[in-house]
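J.: Below: sequence and its predicted model.
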Amino acid sequence: MNWALIRKITLTVLIMLSLFLTVLIWRNPGGYVVQTDTPETSVISSVTFDRQLSSVFGPTEVVYHTNQSSLLTKDSKVLGNMFSVFQEWEVTDIADPITLNGDNYIESVTESRAVELIFSNSIPFGVYQETFSFLPREYENRTFNRMYIPIDNPQSVYFYNTHSMLFYEAEASNIDLDLLTQVLNDDKVEYLQAESVSLKEHIVYLPVEPFEMPVLNYLVEEQPNSLFIERLFEDTSEIQTVINDELSRYYDYFSELSINNDKDMLTYTRPSVTNEGVSLTTTVLNSFNKLIRYEHWPNEVYYYGYSSVTTEVEFRRYIKGYPIFGEPDYGGTFITVADNNVTSLEMPTIVAQTPISDDHSDEKMYSSQNIEEVLANAGHDLETVDDIKVGYIWNYSSESNRVVTLVPSWYVEINGNWMSLQSVVNEDKGGADDGF
């Protein structure tokens, strides 16, 4: 075979390959077609945040128990320094639990100086497995939502679950007591004097006196649909697209992604396989691994709950130490994972990105006594209430849908449903209910 023939064959192959690639690009330029004139079609967002496991599953409040009072803070610096303290510690032994009612637990934690960590929901011990020198297998899926360390005896650590009333005593080492007390006694830390309040099957700390909270204003940023399409679909070349003013719908043979264009809410579904036999710890950790791919909230996000019926895991957005609530629910991300695949996902596609000047006055918030009186007048005894906490409600500005106003409000959970305290009053009067 001479060189002329080799060159001819090579040139022919290159021409055919070029034609093939040209046709492929012409038929499928981006793997999918977004039929809209908005600029977002040309933007591929890569905004993700390096969320630490110890942060997402960490405490949302710290209560500093002194000889005189209990001081509550949500200061992000305090919480951050707590992570630094506990990254170095090690639990060397944990005893079998005992049953301890709420009153006896409060007596135990307040009888001496102590720092108590409050978690937004029950955390499996298995999530913190690396903290234990040895964690018995039967403990991995047991849970706690309180932890406290006596400052005068930091070698002991106590875990408690306010719902199951199980109390655990453990031994710990490598706790930096000097750093711990330095963080707690910092003059810049804002504390509220608080008191423990017993609810239906829970204990909360509520402020003794009324206090003020700021109304927040932020510029809203919408994430491009392409961000979710590229991360939720394995093969974008198979995607079919239907878009109108209200809904953007993307689907293939296996799954479907719908984005409500009016409410900026995303729903994704994929046929699920059985999730039986998967432990609670594995379920929440798998969901966390998916959360960090899709959640683009620039502030804190915390684990918020788990459904034993659907195996759905809830995470919630926080700002300035407080959760985002409202309807639509711009604060919640709901994830179900089976066989390491996301089988359902519900979350907002917008974020409060940039703070802007606040023209509103601060909101005055009720004290513990005020809340109890309001609930009593609405026909609710504290023993019928599941939980109480302050949250920010998401309100779009009347002047621009690119500006959101976050207004603080007290929220109560009754029969598993969160409602603003005002809506509880309105419901008692026969008004509308804005629960979620």
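T.: The structure has been received and is ready for your questions.
J.: burial count for residue 183?
T.: Counted with other Cβ atoms under 10 Å, residues neighbouring residue 183 total 22. Heads up, the C-betas are built off the backbone N, CA and C, glycines and all.
J.: Tell me the confidence at it?
T.: You'll see residue 183 listed with a pLDDT of 87.
J.: Would you confirm that residue 383 belongs to a helix?
T.: Yes. Inclusion of residue 383 in a helix is indicated when DSSP: H, G, I helix; E, B strand; the rest coil is applied.
J.: so who does it touch?
T.: By Cβ atoms under 8 Å, 6 or more residues apart in numbering, the contact list for residue 383 reads 198, 199, 200.
J.: Just among those residues, which is most surrounded?
T.: Highest neighbour count within the contacts of residue 383, by other Cβ under 10 Å: residue 199, with 19 neighbours.
J.: So that one sits against residue 380, correct?
T.: No. Residue 199 lies out of contact with residue 380 (Cβ atoms under 8 Å); the separation is 10.7 Å.
J.: returning to what we had before: so which of the contacts of residue 383 comes closest to residue 278?
T.: Ranked by distance to residue 278 (Cβ to Cβ), the contacts of residue 383 are led by residue 200 at 29.6 Å.
J.: Would you mind confirming that that closest one makes contact with residue 380?
T.: No. With contact defined as Cβ under 8 Å, residue 200 does not reach residue 380; the gap is 10.4 Å.
J.: Nearest residue to residue 213 in space, please, no chain neighbours.
T.: Closest residue to residue 213 apart from its sequence neighbours, by Cβ to Cβ, 6 or more residues apart in numbering: residue 408 at 4.1 Å.
J.: Do I have it right that that neighbour meets residue 366?
T.: No. Using Cβ under 8 Å, residue 408 is not in contact with residue 366, being 10.9 Å away.
J.: Overlap in contacts, these two.
T.: Common neighbours of residue 408 and residue 366, using Cβ under 8 Å, 6+ apart, do not exist here.
J.: Listing request: residues of the stretch 1-150 of the chain with sub-threshold pLDDT.
T.: The model of the stretch 1-150 of the chain has pLDDT under 70 over residues 1-49.
J.: got the residue ranges for the helices in it?
T.: Using DSSP state H, counting those that start in this stretch, the helices of the stretch 1-150 of the chain run over residues 3-27, 53-56, 76-86, 102-110.
J.: Against which helices or strands is the third one packed?
T.: Contacts of helix 76-86 with other secondary structure elements, assessed using 3 or more Cβ pairs under 8 Å, 6 or more residues apart in numbering; DSSP states H and E, are made with helix 53-56, strand 61-65, helix 177-184.
J.: To residue 384, which of the ones you listed lies closest?
T.: Closest to residue 384 of those, according to Cβ to Cβ: strand 61-65, at 23.3 Å.
J.: I'd like to know which elements the closest one is packed against.
T.: In this structure, strand 61-65 packs against strand 70-73, helix 76-86, strand 114-124, with contacts taken as 3+ Cβ pairs under 8 Å, 6+ apart.
J.: Spit out the contact partners of residue 165.
T.: Going by Cβ under 8 Å, 6+ apart, residue 165 touches 99, 100, 101, 102, 105.
J.: now it: how far from residue 99?
T.: Separation of residue 165 from residue 99 (Cβ to Cβ, to the nearest Å) stands at 5 Å.
J.: ok so, going back, would you list the helices and strands packed on strand 61-65 in JSON lines and tack on mean neighbour count and distance to residue 257?
T.: Shown next, in JSON lines, are those (neighbours: other Cβ atoms under 10 Å; distance: least, Cβ to Cβ, whole Å):
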{"stretch": "strand 70-73", "mean neighbour count": "20", "distance to residue 257": "40"}
{"stretch": "helix 76-86", "mean neighbour count": "17", "distance to residue 257": "33"}
{"stretch": "strand 114-124", "mean neighbour count": "21", "distance to residue 257": "28"}
